[in-house]
Structure formats: structure tokens, C-alpha cells
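>>> A predicted structure for the sequence below; I have some questions about it.
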Amino acid sequence: KNYNLSMDPLDRAYLSYLKEIERSYISLPKALRIRVEKWINKLSSVGKNPAWRKQRNQYSKLLLNMIVFRSLTEPFDKPPPEGALPAFPTYLIGKGAKDLMGTHESSFWRETYELFDKSSRYIEDNDIDNSIS
């Protein structure tokens, strides 16, 4: 399945976060993986409103940061609430903005991905695998 290049930037960013979360969360204990999946289900159901999708992305970026550092704290220290997703807490803004690269790492991979992000089609992993075999 090809992703539409004209996809909304908020949705494209969310898909990027999802891919990184999927790669990173596998090393978490099963109970935490289940909680992460519940949060992803909640975040994926926010609707089309741009303000809600922006908040979804803030939550996703923070969740990714916490998964990478293997420390799920508020608000991810418990399952997502029932009902609508609460507004992203203002005191958490910036907490997920921390650059995930360590001091020993460079921006090499991010810049490499950005080259393709701007110029190529989005192809799911299984489409790539099928084209190779």
C-alpha cells in the first residue's frame, strides 16, 4: 500500500511516531507493551480536527520519548482514560520535545530519512519485501 504524498503533515508525523514506537516498544515488558497499545488505540481515534491531531502528536512524541528511555511516567503510567482524550497538559509541553539522540550520536540518520521523506513515496515494509523477492 502506498501512502499519499499529499497526506496531511500532522498525519504524516503521527505515522512516523508510530513506526518508531513500534520498533522501540518491543523491548518493554509485556504489561507495558499492552498499555502502550491501549494508548495507541486511543490516540488513533481522535478524529479529523487539526487541534486534536496536534495534541495526538504531542502525546505520541512524549510516549516515544518515554519508551526509548524505558520510563513510562504520567500520563502513560496508567491506561488511557475513558471518553475523549484530555487536552495535552501544558506542564508536559517540552518534556517530549527532548531530542532523542544521545550526545555521542549525530543527526546522520534523521537527515538521511528526511531526504527520502521529501522526495519518495511511502511504501509499507511488506511492499518493499515483496519487490525484493
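Happy to help now that I have it.

>>> what sits up against the helix ranked longest in the chain?
Longest helix in the chain, counting residues (DSSP state H): helix 50-68. Residues outside helix 50-68 that contact it (C-beta atoms under 8 Å, 6 or more residues apart in numbering): 8, 10-11, 13-14, 17-18, 20-21, 24-25, 28, 36, 39, 43-44, 46-47, 72-73, 75-76, 85, 87-88, 92-93, 95-98, 100. All C-beta spots, glycine's among them, are computed from the backbone N, C-alpha and C.

>>> mind redoing it with 7 Å?
Contacts to helix 50-68, defined as C-beta atoms under 7 Å, 6 or more residues apart in numbering, come from residues 10-11, 13-14, 17, 20-21, 24-25, 28, 36, 39, 43, 46, 72-73, 76, 85, 87-88, 92, 95-96, 98, 100.

>>> got the residue ranges for the helices in this protein?
9-25, 30-43, 50-68, 108-119, 125-132.

>>> Now distance to residue 81 and mean pLDDT too, for those, in a markdown table please.
Below are these laid out as a markdown table (distance: least, C-beta to C-beta, whole Å; pLDDT from 0 to 100):
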| stretch | distance to residue 81 | mean pLDDT |
| --- | --- | --- |
| helix 9-25 | 19 | 91 |
| helix 30-43 | 8 | 95 |
| helix 50-68 | 12 | 93 |
| helix 108-119 | 33 | 61 |
| helix 125-132 | 32 | 46 |
